Structures are given as structure tokens and as C-alpha cells.
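Trainee: This is a predicted model, with the sequence first.
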Protein chains: 2
Amino acid sequence: MVLPSRLRLEQFAQLSPQDRQSLLGAVSHTLELEPDCDLISQEERPTACYLVLEGMMCRYKSLQGGRRHIVGFHIVGDFCDLNGPVMGRMDHNVASLSPAKLAVIPTPALFRLLEQRPQIEHAFWKETIADAAIAREWIANVGGRSAYERIAHLLCEMGRRIEAAGLAQDGAFDWPIRHQDLAEAMALSSVHVSQVFQRLSNEGLVKGEEGRLRILDWPGLEAAGQFRSHYLFLAGTAVAEPLVP
Amino acid sequence: MVLPSRLRLEQFAQLSPQDRQSLLGAVSHTLELEPDCDLISQEERPTACYLVLEGMMCRYKSLQGGRRHIVGFHIVGDFCDLNGPVMGRMDHNVASLSPAKLAVIPTPALFRLLEQRPQIEHAFWKETIADAAIAREWIANVGGRSAYERIAHLLCEMGRRIEAAGLAQDGAFDWPIRHQDLAEAMALSSVHVSQVFQRLSNEGLVKGEEGRLRILDWPGLEAAGQFRSHYLFLAGTAVAEPLVP
DNA sequence: CGGTTACTTGAGGCGCGTCAACTTCTGTGG
DNA sequence: CCACAGAAGTTGACGCGCCTCAAGTAACCG
């Protein structure tokens, strides 16, 4: 098994070769998932945390009436889910959106890693904080913006994250997310998502290409979504100050 | 200065008397705020983190058109904001909702604390995770529930948190949050918040009492809000597993 | 008192939901 | 090669939850 070339962790802290080695050593095995498979369920005691090697994952909450609400997406290089092992209990579900491959780090190995490599613990903490910052932005996005702005904003967010992870090829990237998934994330109906997507296409901002997405007009899309990337804490856009200066 | 008897930190990890002492030692001074004062602003580099000693605080995001969207509340015993110092930059604002008093821990003292007392670092990490869990629940709340359910849910959340912090007296507690604030948090108009509040009162679920709030019918309110408290990770409701077993 | 802030009440309108029918597109098996 | 089923997306009609605007009340305060 090979780790993704750009771990999200490394946007938050410098890892030494030794750190990377320890991380790799903590992986017990890999796991392949079909699309739409639950990986961990709400209120379970998680037995591991997972690093996304391929595909796309999401976190979701189950609501009354069998509906689900997606509260976050995860791409290659992200950890999902660190919260569960640390708190001892899941407050949400984690599932695949596409075929996916994951590296499994069992809880005991994770805890050993935290003890032995403080730099990794700091990086993990920062990754959970960055996820929390995204969650806060989603609250404002779902609550404060129109359907059109909301979807434009999300596409900007995902585009920037995917670029930062080195997963875009000349402005386009894999996009396994269906309208129904987007609807569940952005609190819209899939019907309305479809209409908004057409408008974004007609305006020449984005273009869907067979399971991939191309952003044609970054400034236009960012304006449409009132998007500013500061909350993503991407390396490059902001100086990532060391935890202990 | 005296620390609140129940720090939220202590719901997540056992602190030794020595830990508490170090925490107290890291406080440089206290700060008193009028209602509606900004404490830290978006994109600032924070110079300290703050422990709420009195009053209520909120985090909010500024949206286009001067609107603001509240993305979290903080009560006595909570830290606000640990994210900023750790990441080196704020992704949101922190402000007072009522007259408030805060203990100030300057960033350098905070970092020293993290290095010297690993147990405190773990507790801090858990507090940020618990805040993130609340943020995720808010996404689902704002996105997936009606105005009536949404407000009932929020009242349950705040009630439980306030009780867990030991700040309720026979079922009632200080409630400085105006309808306008609730509206900004729950993505509603203050007009509609007012109507929902009346309905909740008429149904005998809650009762406003001069800057205080009393929950008259817990089961009723929880049903109305489809509320389950697991995501709060309150001591007592779930076993808080030690980080390193 | 008059000004200010919080909350209430009512009327009218719009964004987005729901429902339902239709269109692709894909994969499967005869 | 076509028949069929199922999943994803599209289109249109209609309705409702909540918004906006606007006027009014109540409490507090200099």
C-alpha cells in the first residue's frame, strides 16, 4: 500500500519522514467499498479511523422519516473519522459516495501513534479543527444563502480542496456526487439542484463531463457563491503557523 | 479570580488538581464585555483564548449584505475560541450576547500549557471535537427541520448544556438570547421566531420569565425537536472513554 | 414624558418543495 | 441484437412555509 502523495494532514503540520513512516506502520489493512456503503454508524463505538485512498466519502446524520442529511464530504488524503475514536462514540454516520478504498488504522494503533509522535497528534487536532471550520461554513451556507449561491459555494469549496489535494487535471476532477447527494447536503430537493446546475452550466461557470466536473470560470463561480477560501486553511492561501512557535 | 466549578473540559477528561492549577496559572487577566461586543474578528490572528466566566457568547460568520449568521453559542465554563490560536487565524467572529466576563489565556501561555500538560491538550482537543459535533447537528437542524422543530431542538440543546454546566436552578436558567439572535442562529426571521415561541409556550413546553427560560415539559420539547442528546457528549449520558486507555 | 429596543400582529408574496410524467443512459439476459 | 428494468436526471404544475414590509404595543430609561 502507498499513502496518497498529499495527505491533508500535511497541510497543517510538517511531518518528518519518520512521522510518515509511523503513520504507515499504524495501518493494519486496506478496505474496498462499493458506492453507498455505510462504513461506521451513528452511536457505534468506532474500532478504527480511516484514511481515504481512493473515491469519495461523506458524513451524514439520520433524520426522522428515513431522510438523511449529509454534513461533510471527504476526498482522497482525508481522514475519516478521527472524532469517533477520540470521543469513543460516533455522533454521525460515515459512508461511501463512490467506489472507495481506505487505509484502516485500528484505535489502539491510533492511540499509540498519538502518544509516540506528538507532531502527528497536533496535525490530527488541526485536521479536526479544519473540518469543524468547514462545518461552520456549511451552517452559514445552508442557512444564509439561496439555492444558487449555496451550490456555487459548495462547488468552489470542493474544487479548491480537490486542487489542494493534487487531484485535479487541467481544471477538471472526478465528480461522483449525484444531484440527490448534493440535495441532501445542501438541504434542497434534487429537482431544484438539477435546475440550479443547469443555470450554472448555461452561465458558463461549470461543465459536467461524464463523472467529472470542470470549473470554467473560477472568479465567476466564486462571485456566484460569495466564496472566500480562508476557512479551508489550505496551505498556500494562508500561512499555517506552527502549533508551538 | 475563580474558575467556574464545572469546566466543560472536565466533561471530557479528568483533570488533576495540578492540571487545574496550571490552567489557572496560564490566565493573564480577566475581561468584561458589554452585550453585543466583538471579541475576536474573522481573519484576525488571535492573541489569546478565552474561558467564559459569566454571560453568554456566540460565534458568527459575516454574510453578504451585512447579515450575520450565528454558528454556535457558548456558556459559562466553555472555551472560546481554541480553533483560532491553534490554526493561527480566525475563520469566524466571536461576540458577546449578554454582559460577559472572560478569563484570558494568551497564546504563548496556551502553547506552554499544551506542551507541559498532555492531559489538558487531550481535553482541549475533545472540546473542539464536541463543538464540531454540535456544528454538524446544526447543519442538519437548519437544513432538515421545520422552524418549529428547529427551535425546539435548539432549546433542548441549550437546556441540556446549561444543566450539565450546573447553571440551572430548579429547571430554569438565564436566557439573554433575543429573538433576533435566535433568528440569526436558526436561519429564520425574528417574526417567525416570535410565532414559534408563542406556540411552544401555548403548548406548555417552555415558559419565558424575565430574562430567564423554564422548560416545563422536557419529554414534550424533545419530541417536538426530535432531540437526542448523544451528540453533546455530556458526562453522564455517555461513558467518556479515556483517550489513551 | 419622548426615544429606543424588543416583541407582536397581520397582509401579501416568493423560493423552493412535492408530485408526477417523461427522457436518457446503462446493464442484463434472452 | 433487441427487450426490459432500474437509476439518474429533466420538465412542468401547483402549493406551502417562511420572508418581507409595515404598523402597533409594551417595557425601559434618560
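Mentor: Nice, I can see it.
Trainee: which parts of the strand or helix carrying A:Leu200 are buried?
Mentor: Using DSSP states H and E, A:Leu200 sits in helix A:190-202. For helix A:190-202, the neighbour count (16 or more other Cβ atoms under 10 Å in any protein chain shown) marks A:His192, A:Val193, A:Val196, A:Phe197, A:Leu200 as buried. C-beta coordinates here come from the backbone N, C-alpha and C atoms, glycine included.
Trainee: okay, the fourth one: pLDDT?
Mentor: In this prediction, A:Phe197 carries a pLDDT score of 96.
Trainee: Which residues of chain A lie near DNA strand C?
Mentor: Residues of chain A lying near DNA strand C by Cβ under 7 Å from any atom of the strand: A:Ser146, A:Ala147, A:Tyr148, A:Ala183, A:Ala187, A:Leu188, A:Ser189, A:Val191, A:His192.
Trainee: which residues in chain A form helices?
Mentor: Applying DSSP state H to chain A gives helices spanning A:17-26, A:83-87, A:107-116, A:118-144, A:147-164, A:179-186, A:190-202, A:218-225.
Trainee: Domain ranges for chain A, per the record?
Mentor: By the assignment in automatic domain parsing, chain A contains the domains A:8-135, A:147-232.
Trainee: I'd like to know which of these lies nearest to B:Glu121.
Mentor: Checking these against B:Glu121 by Cβ to Cβ gives domain A:8-135 as the closest, at 7.7 Å.
Trainee: can you tell me if that closest one touches DNA strand D.
Mentor: No. Using Cβ under 7 Å from any atom of the strand, domain A:8-135 stays clear of DNA strand D, coming no nearer than 7.6 Å.
Trainee: what's the first-to-last distance across that domain?
Mentor: With Cα to Cα, to the nearest Å applied, domain A:8-135 spans 17 Å between its terminal residues.
Trainee: ok so, going back, of all the helices of chain A, which one is nearest B:Trp218?
Mentor: Nearest to B:Trp218, of those and by Cβ to Cβ, is helix A:83-87 at 24.4 Å.
Trainee: For that closest one, C-alpha coordinates in CSV please.
Mentor: What follows is helix A:83-87, C-alpha atoms only, in CSV (Å, rounded to 0.1, in the frame of the first residue of the first chain):
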residue,chain,number,x,y,z
ASN,A,83,-13.7,12.3,16.1
GLY,A,84,-15.2,8.9,16.8
PRO,A,85,-12.1,7.1,18.2
VAL,A,86,-11.2,10.2,20.3
MET,A,87,-14.7,10.6,21.8
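Trainee: re the thing from before, show me which of the buried residues of helix A:190-202 is closest to B:Glu210.
Mentor: A:His192 (43.4 Å).
Trainee: give me the beta-bridge partners of A:Glu54?
Mentor: Beta bridges link A:Glu54 to A:Lys101 when assigned by DSSP bridges.
Trainee: That one against A:Lys101, yeah?
Mentor: Yes. Between A:Glu54 and A:Lys101 there is a contact under Cβ atoms under 8 Å: 4.0 Å.
Trainee: if I pick A:Gly72, what's in contact with it?
Mentor: Counting by Cβ atoms under 8 Å, 6 or more residues apart in numbering or on different chains, A:Gly72 touches A:Cys58, A:Arg59, A:Asp131, A:Ile134, A:Ala135, A:Trp138, B:Arg136.
Trainee: Restrict the residues of chain A next to DNA strand C to the buried ones and give me that as a PyMOL selection.
Mentor: One line in PyMOL is enough to select the buried ones among those; burial here means 16+ other Cβ under 10 Å:
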select buried, chain A and resi 147+148+183+187+188+192
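Trainee: Intersect the residues of chain A next to DNA strand C with the contacts of DNA strand D.
Mentor: A:Val191.
Trainee: From the residues of chain A next to DNA strand C, pick the one nearest B:Gln119.
Mentor: Once Cβ to Cβ is applied, the member of these that ends up nearest B:Gln119 is A:Ala187, at 39.3 Å.
Trainee: low-scoring stretches of chain A, by residue?
Mentor: For chain A, applying pLDDT under 70 flags the ranges A:236-245.
Trainee: list the contacts for the nearest residue to A:Asp174 once chain neighbours are set aside?
Mentor: Of all residues not flanking A:Asp174 in the chain, A:Arg212 sits nearest, at 5.7 Å (Cβ to Cβ, 6 or more residues apart in numbering or on different chains). Contact partners of A:Arg212, counting by Cβ under 8 Å, 6+ apart, are A:Ala172, A:Phe173, A:Asp174, A:Trp175.
Trainee: which of those residues are buried?
Mentor: So, by 16+ other Cβ under 10 Å, the buried ones in the contacts of A:Arg212 are A:Ala172, A:Phe173, A:Asp174, A:Trp175.
Trainee: is it true that the third one touches A:Gly211?
Mentor: Just to be clear, that refers to A:Asp174. Yes. Counting by Cβ under 8 Å, A:Gly211 is a contact partner of A:Asp174 at 6.6 Å.
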